[in-house]
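# following is a predicted model, sequence given first.
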Amino acid sequence: MKKTLLVALIALVNTLSAQIKMEGVVKDSVGNPLELANVIAINQQTNKLDSYAITDSKGHYQLNLNKDSGYKIQVSYIGMKTAEALINTKEEAIKMDFVLLDDASLKEVEIKYEMPVTIKGDTIVYNADSFLTGGEKKLEDVLKKMPGVEINDDGQIEVEGKKVTKVMVEGKEFFDGDSKLAAENIPSNAVDKVEVLRNYSEVGQLRGVTNNQDNVALNIKLKEGKKRFWFGDITAGAGAVQDDNLYLVQPKLFYYSPEYSINFIGDLNNIGEIAFTRRDYFNFTGGFRMPSRQSGTNIDLGSNSLSFLTMQNNRAKAINTKFGAANFSYSPKKTLDFSGFAIFSSTITDMQENNSIIYTDGKLNNTESLTRQKSDLGMLKFSTKYTPDANNQLDYDILARTSKESQDQSVLSSMNGNITELEKSQPYSIKQDFDYYYTLNDKNIFAFEAQHFLQDENPF
């Protein structure tokens with residue numbers, strides 16, 4: 001272990017020492033600093049993007065470049081001519097400022113290299129290929145390399161410290177916008193652009209009258225070869241440990257077109273990987289909107305939705321998982337959209353614990369505890385959106401959830417005999433949401449919201 005760590009540290013030091021820093025300021029023709037300008041460094045030998053930066057509020061940028069290399073530096077900003085400079089790096093740091101001039105004829109500008117990041121109002125557009133190094137498999141692998149984008153400990157996507165409330169693919173919701181499912185399952189080689197939609201609102205009429213500054217959505221643009229075409233991947237494996245046969249099968253299938261989309265995600269394994277935890281299930285609200293309070297937020301399911309089970313996977317003897325999820329969207333015409341999803345997850349966890357206690361009087365008590373936890377989770381949702389014109393929008397959602405959980409625990413004691421305890425829970429809930437919005441003018445908007453909620457959350 002010490003040797004491995006030493007090699008890793010030496011490799012890190014060598015990598016850092018092989019780079020130099022290039023920095024400077026980007027200004028306009030009258031000397032004002034330009035914020036959010038793109039600065040990229042293209043390696044002249046490999047013709048690849050080696051480094052990039054976005055200027056801050058003071059117009060400052062910083063690039064990390066390899067020593068003894070030739071680069072073409074390109075600086076771009078919307079509405080201005082792109083500036084270029086050829087440099088050769090040595091041992092010393094480089095300081096270079098740029099002045100961008102107004103572009104009177106944008107149509108005549110030849111784009112020689114696509115910017116890795118562009119800013120268009122409230123939308124940040126990332127060019128996915130600019131961040132690929134060859135080892136990426138899923139969307140999350142690409143997102144982790146994009147500036148300002150992170151994957152938190154729960155697997156959810158965050159942009160500039162704000163949690164992404166909805167993920168779409170080609171403008172269509174991916175499993176009702178759940179960012180974890182999207183990040184972990186969409187193949188990286190299918191992604192062309194990642195659009196970050198700041199101040200996002202699901203209801204266009206309410207954009208100007210509600211506070212959406214904390215609402216962030218992602219829209220994934222697919223490469224041309226992935227449109228009107230089935231794509232996906234299958235991960236499979238098998239093995240054996242002592243007397244146990246291990247297996248893993250994870251099929252993923254996607255189809256997108258302007259009219260409809262279909263997605264399927266599956267997972268069968270007994271190696272301890274849980275594709276959809278109970279925590280994911282209870283956090284997966286189905287995207288029920290409450291736009292009058294804050295567009296894009298979800299309803300609170302209440303504390304009664306919490307499970308009585310407390311899984312301890314690190315202590316498990318065996319874990320068997322079955323997971324299946326399907327999602328669809330259909331747009332028969334531009335003013336009408338149908339969408340929905342179905343999710344099922346089943347997990348069986350076996351735990352065994354043996355204890356031996358010798359008392360002061362010499363008596364020996366051997367105890368064996370066997371616990372089996374079983375959790376079946378199901379969720380189904382159907383949504384309709386009708387927008388006959390720019391002033392009217394009608395939404396209807398219905399979401400059904402059910403779970404069946406049990407814990408069977410047997411304690412065998414050489415002194416106290418056998419003790420068996422069984423706990424069961426089978427809650428369910430059905431929610432319906434109907435919303436209508438009418439815009440009279442810029443200052444007058446009518447909103448009607450109705451909800452129906454049926455639930456039985458008695459845990460025992």
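Perfect, thanks for sending it.

# quick one: the helices in the chain, in order.
Remark: helices assigned in the chain by DSSP state H are 2-17, 139-143, 179-185, 278-283, 291-294.

# quick one: the strands in the stretch 351-460 of the chain?
364-389, 392-413, 417-425, 428-441, 444-456 (DSSP state E, counting those that start in this stretch).

# distance of the residue sitting furthest away from the middle of the chain from residue 129?
Computed with C-alpha atoms, centre = their mean, the residue of the chain farthest from its C-alpha average is residue 361, at 59.3 Å. Remark: distance between residue 361 and residue 129 (C-beta to C-beta, to the nearest Å) = 74 Å. (C-beta placed from N, C-alpha, C; glycine too.)

# kindly report the same for residue 321.
For residue 321, the distance to residue 129 - C-beta to C-beta - is 34 Å.

# looking at these two, which is more packed in?
Ranked by neighbour count (other C-beta atoms under 10 Å), residue 321 and residue 129 place residue 321 first, with 22 against 15.

# ok, now which ones touch the nearest residue to residue 188 once chain neighbours are set aside?
Nearest-residue entry for residue 188: residue 136, 4.0 Å, with adjacent residues in sequence omitted and distances by C-beta to C-beta, 6 or more residues apart in numbering. Under the criterion of C-beta atoms under 8 Å, 6 or more residues apart in numbering, the neighbours of residue 136 are 142, 145, 188, 189.

# for the third one, the count of nearby residues, please.
Just to be clear, that refers to residue 188. A count of nearby residues for residue 188, using other C-beta under 10 Å, gives 17.

# show me the contacts for it.
Residue 188 is in contact with 128, 132, 136, 137, 138, 139, 141, 142, counting by C-beta under 8 Å, 6+ apart.

# mind running it again at 6 Å?
Residue 188 makes contacts with 136, 137, 138, 141, 142, as judged by C-beta atoms under 6 Å, 6 or more residues apart in numbering.

# cool, the first one as well?
Applying C-beta under 6 Å, 6+ apart, we find residue 142 in contact with 128, 131, 136, 188.

# related to what we said a few turns ago, ok, the residue nearest to residue 188 to residue 421 distance?
In terms of C-beta to C-beta, residue 136 sits 47 Å off from residue 421.

# likewise for residue 428?
Distance, residue 428 to residue 421, by C-beta to C-beta: 24 Å.

# who has more neighbours out of the two?
residue 428 (14 against 10).

# do you know the pLDDT at the more buried one?
Looking at residue 428, its pLDDT reads 90.

# dig out what it forms beta bridges with.
residue 402, residue 456 (DSSP bridges).

# that one reaches residue 404, doesn't it?
No - the pair residue 428 and residue 404 does not pass the contact test of C-beta atoms under 6 Å, sitting 9.3 Å apart.

# re earlier: let's have the contacts of residue 136 in TSV, adding distance to residue 201 and pLDDT.
Listed next are the contacts of residue 136 as TSV, based on distance: C-beta to C-beta, whole Å; pLDDT from 0 to 100:
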residue	distance to residue 201	pLDDT
142	26	92
145	29	84
188	29	90
189	32	89
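
# which of those sits closest to residue 411?
residue 188 (48.2 Å; C-beta to C-beta).

# residue 341: which of the contacts of residue 136 is nearest?
The shortest approach to residue 341 among those belongs to residue 188, at 22.5 Å (C-beta to C-beta).

# tell me how far that closest one lies from residue 40.
Separation of residue 188 from residue 40 (C-beta to C-beta): 21 Å.

# run through the bridge partners of the residue lying closest to residue 413 once chain neighbours are set aside.
Once flanking residues are discounted, residue 413 sits nearest to residue 367: 4.9 Å by C-beta to C-beta, 6+ apart. Residues in a beta bridge with residue 367, per DSSP bridges, are residue 355, residue 413.

# again, but for the one 10 residues further on
The partner list for residue 377 in beta bridges (DSSP bridges) reads residue 345, residue 403.

# any idea how far residue 176 is from it?
15 Å.

# now swap in residue 165 and tell me
Counting by C-beta to C-beta, the gap from residue 165 to residue 176 is 11 Å.

# please apply the same query to residue 409.
Remark: distance between residue 409 and residue 176 (C-beta to C-beta) = 36 Å.

# who's more crowded, those two?
Taking other C-beta under 10 Å, residue 409 and residue 176 do not tie; residue 176 has more neighbours (24 against 15).

# returning to what we had before: can you tell me which of the contacts of residue 142 is nearest residue 277?
Distance to residue 277 across the contacts of residue 142 (C-beta to C-beta) is lowest for residue 188, with 23.5 Å.

# roughly how far does that closest one sit from residue 248?
When distance is defined by C-beta to C-beta, residue 188 is 20 Å away from residue 248.

# residue 181 now?
According to C-beta to C-beta, residue 181 stands 18 Å off from residue 248.

# also residue 70?
Distance, residue 70 to residue 248, using C-beta to C-beta: 46 Å.

# what do you get for residue 29?
Shown here: residue 29 relative to residue 248, a distance of 60 Å by C-beta to C-beta.

# ok, the two, which is more surrounded?
More neighbours surround residue 248 than the other of residue 29 and residue 248, with 16 against 10 (other C-beta under 10 Å).

# hang on, isn't that one packed against residue 269?
Yes - shown here, residue 248 and residue 269 form a contact pair, counting by C-beta under 6 Å, at 4.3 Å.

# domain map for this structure?
Annotated domains of the chain cover 18-112, 231-456 [automatic domain parsing].

# now do the contacts for residue 40.
Residue 40 makes contact with 49, 52, 74, according to C-beta under 6 Å, 6+ apart.

# with adjacent residues omitted, what lies nearest to it?
Nearest non-adjacent residue to residue 40, counting by C-beta to C-beta, 6+ apart: residue 52, 4.7 Å away.

# before we move on, the earlier item: which one among the contacts of residue 142 sits at the bottom for pLDDT?
Within the contacts of residue 142, pLDDT is lowest for residue 131, at 83.

# count the neighbours of the closest residue to that one other than its chain neighbours for me.
Sequence neighbours aside, residue 145 is the residue nearest to residue 131 in space, at 4.3 Å (criterion: C-beta to C-beta, 6+ apart). For residue 145, the count of nearby residues is 14 (other C-beta under 10 Å).

# how far away is residue 145 from residue 135?
Look at residue 145 and residue 135: by C-beta to C-beta, they are 10 Å apart.

# again with residue 338
38 Å.

# looking at those two, which is more packed in?
residue 338 (15 against 7).

# with adjacent residues omitted, what lies nearest to the more buried one?
Nearest non-adjacent residue to residue 338, counting by C-beta to C-beta, 6+ apart: residue 330, 4.7 Å away.

# surely the one you found and residue 260 touch.
Yes - counting by C-beta under 6 Å, residue 330 touches residue 260, with 4.4 Å between them.
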